[in-house]
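Novice: Predicted model follows, preceded by the sequence.
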Amino acid sequence: MAAETVVEPPRSSLTGVARVLVNAGKLTAKTAEELAKMARERKSSFVAAIMSAGVLKPDELAHTLSSALALPLLDLNALDLQRLPRNLVDPKIASQYQLVVLGRRGNRLFIGAADPTDQEAAERIKFATQLTPEWVIVEHDKLAKQIEAQSTSANEVLESIASTDFDFDVSDEDTSAQESADAAADVEDAPVVRFLQKMLIDAINLRASDLHFEPYEYHYRVRFRIDGELREITQPPLAIKEKLASRIKVISRMDIAEKRVPQDGRMKLKFGSKAIDFRVSTLPTLFGEKVVIRILDSSSAKLGIEALGYEKIEKDRLTAAIQRPYGMVLVTGPTGSGKTVSLYTCLNILNQPGVNIATVEDPAEINLPGINQVNVNDKAGLNFATALKAFLRQDPDIIMVGEIRDLETADIAIKAAQTGHLVMSTLHTNDAPTTLTRLANMGVAPFNIAASVLLITAQRLARRLCDNCKKPADYPRESLLKAGFQPEDLDGNWKPYRAVGCSSCNNGYKGRVGIYQVMPITEAIQRIILGEGTALDIAKQAQAEGVRDLRQSGLVKVRAGVTTLEEVITVTNE
């Protein structure tokens, strides 16, 4: 009896990647046919079917195609993906055909793809761009991650934006409705509108806190502040600078005719059920107006006090102080150190139906329902002191002052703290002990400071290590001791971590964490204040009472593997 023979489908019926892999011996014709059938049923690509079935690894597939087709192979992880050109191919096309634009030279457009045999994609790109596509093979998994991060999510949000309008706060600009409409029409340039929307969405996706639009003599650049560091994102054409500045000013309700003085405004962007506020500032420079947009995300105030990075003892001290019926709690630190988020996190804890909370800020950055928020308006004569006087006639329980800048504001705030109100505010000082001497230098009487201030928190923001790529670091023992570690801290097998960098983080860091000095005003510190002691005297007493300074708090985060020693030294180097 003759043995049965298995008849494989003819290889000629296979095309593209399937045929290449069969000829290279990586797949049998039967397997290739099954995968092709699966791809047709799922309406996906043949490469996606291979990855889904797990018959080949992404790197093995890429190397095979590169060798068989004599095409270059590129590792996407080796590129700075933020610098890739973004406007040469429609994001919908890139997402549909799973490709990424790598660059352009003359009339050639270099395209990264896992399937370089897709003739339909080649023809579509050639028609849309009038350029000749040159294929570069990239690994499917890295390509998918890049498309998801850069194209798909942003495109979905852009579509939702297109279906809704911007909502704007009304400012005090004395501009008629007709003038505003005329100005809006002048700058309703579709490419400018799309570019601005794309920048805002990219900034939100990258967790940026600020966007900088900066004109120079020969170029124009856009930078994002991500995890505290400014990164250049793109360099749009210099000719766009006037239209872009005008567009931003129109939607922020500024005077677009005034280009000689700085202006401030706000705008709100709604997409889906989420709304994000932006604070806008313009500044006339030598070569045009620089525009800085700060992203004000109210969700950061609702994270809870644990998410901010307080150690347990620091959290307990802070929560005990804000639960007191009256007195003053001060948060100090430089601009951008997270003071507003800390204050609003405390207000969110205290925000109950039976409590009357009023805040005065310049301007109000985070909108919280249930809290009466007032914006400073110097033109109308509404400053911190005026608002505070008005608050005291509004039967408040808790008052938050955006910043104590002068003696009048400090005096009213301290009197409010002494007459049955909990007052919270910020000052720009380096640490907690110097805050007390700063109040004295303003002219506040020592007995008023001692009687009213309950607690002072000084804070900084340090970049948080990426959990995916951080590695143990070897530092000399002498360096660790010099940084502030105690000999007993270095016992055992403990080692600090260093930043490495991977595809999911920013040079080894992802997000930020707070470093805090939380100093309650005890009776001993009150005696030093009444005796007009110095900040050094106060700091020495606080250390004796177990209050960590900023460097010591930072070293706790280093020991826990949350951040690096270099980062702590940078942010606490007074």
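Specialist: Looks like it came in fine.

Novice: Please count neighbours and contacts with C-alpha atoms only from this point.
Specialist: OK.

Novice: buried residues in the helix or strand harbouring residue 390?
Specialist: Using DSSP states H and E, residue 390 falls within helix 384-391. By neighbour count on 16 or more other CA atoms under 10 Å, the buried set for helix 384-391 is 384, 385, 387, 388, 391.

Novice: Relative to residue 441, how far out is the second one?
Specialist: Between residue 385 and residue 441 the computed distance is 18 Å (CA to CA, to the nearest Å).

Novice: Also the first one?
Specialist: The spacing between residue 384 and residue 441, counted by CA to CA, is 19 Å.

Novice: With the last one instead?
Specialist: Using CA to CA, residue 391 is found at 26 Å from residue 441.

Novice: The fourth one too?
Specialist: Using CA to CA, one obtains 21 Å as the distance from residue 388 to residue 441.

Novice: Now do the helix holding residue 390: distance to the chain's middle.
Specialist: 33 Å (CA atoms, centre = their mean, to the nearest Å).

Novice: Isn't residue 375 up against residue 365?
Specialist: No. Assessed by CA atoms under 8 Å, residue 375 is found out of contact with residue 365, at 9.6 Å.

Novice: Compare neighbour counts for the two and give me the winner.
Specialist: residue 365 (22 against 17; other CA atoms under 10 Å).

Novice: what kind of secondary structure is that one in?
Specialist: Each residue gets one of three states, and residue 365 gets coil by DSSP: H, G, I helix; E, B strand; the rest coil.

Novice: List phi and psi for it.
Specialist: phi -90, psi -30 (degrees, to the nearest 10).

Novice: residues in contact with it?
Specialist: 279, 296, 340 (CA atoms under 8 Å, 6 or more residues apart in numbering).

Novice: Go again with 7 Å.
Specialist: residue 296 (CA atoms under 7 Å, 6 or more residues apart in numbering).

Novice: do residue 466 as well
Specialist: Taking CA under 7 Å, 6+ apart as the test, what residue 466 contacts is 505, 508, 509, 510.

Novice: for residue 46, same thing?
Specialist: With CA under 7 Å, 6+ apart, residue 46 has these contacts: 35, 36, 39.

Novice: Take the residues you listed and keep only those in helices.
Specialist: 35, 36, 39 (DSSP state H).

Novice: mind checking which helix or strand the nearest residue to the first one once chain neighbours are set aside is in?
Specialist: Spatial nearest neighbour of residue 35, excluding adjacent residues (CA to CA, 6 or more residues apart in numbering): residue 49 at 6.0 Å. Element membership for residue 49 (DSSP H and E) is helix 46-53.

Novice: could you point out which element follows that helix?
Specialist: Taking DSSP H and E, what comes next after helix 46-53 is helix 58-69.

Novice: That next one: which residues count as buried?
Specialist: 58, 61, 62, 63, 64, 65, 66.

Novice: Distance of the third one relative to residue 337?
Specialist: For residue 62, the distance to residue 337 equals 45 Å [CA to CA].

Novice: Next up, the contacts around residue 487.
Specialist: Applying CA under 7 Å, 6+ apart, the residues near residue 487 are residue 481.

Novice: quick one: low-confidence parts of the stretch 251-400 of the chain?
Specialist: By pLDDT under 70, the weakly predicted segments of the stretch 251-400 of the chain are 271-273, 298-304.

Novice: And the helices in it, which stretches?
Specialist: 312-322, 339-350, 384-391 (DSSP state H, counting those that start in this stretch).

Novice: For residue 413, which of the ones you listed is the nearest?
Specialist: helix 384-391 (7.3 Å; CA to CA).

Novice: so what secondary structure elements neighbour the closest one?
Specialist: Helix 384-391 sits against helix 407-418, with contacts defined as 3 or more CA pairs under 7 Å, 6 or more residues apart in numbering; DSSP states H and E.

Novice: Let's see that with 10 Å instead.
Specialist: Applying 3 or more CA pairs under 10 Å, 6 or more residues apart in numbering; DSSP states H and E, we find helix 384-391 packed against strand 357-361, strand 372-375, strand 398-401, helix 407-418.

Novice: Going by neighbour count, list what's buried in the longest one.
Specialist: Just to be clear, that refers to helix 407-418. 407, 409, 410, 411, 412, 413, 414, 415, 416, 417, 418.

Novice: can you give me the angle whatever helix or strand comes next after it makes with strand 357-361?
Specialist: Downstream of helix 407-418, the next assigned helix or strand under DSSP H and E is strand 422-427. Relative orientation of strand 422-427 and strand 357-361, computed by axes from the mean of the first three to the mean of the last three CA atoms, to 10 degrees: 20 degrees.

Novice: The helix or strand following strand 422-427 vs strand 422-427, what angle?
Specialist: Using DSSP H and E, the helix or strand that follows strand 422-427 towards the C-terminus is helix 432-442. Taking the same axes, to 10 degrees, one finds helix 432-442 and strand 422-427 inclined to each other by 90 degrees.
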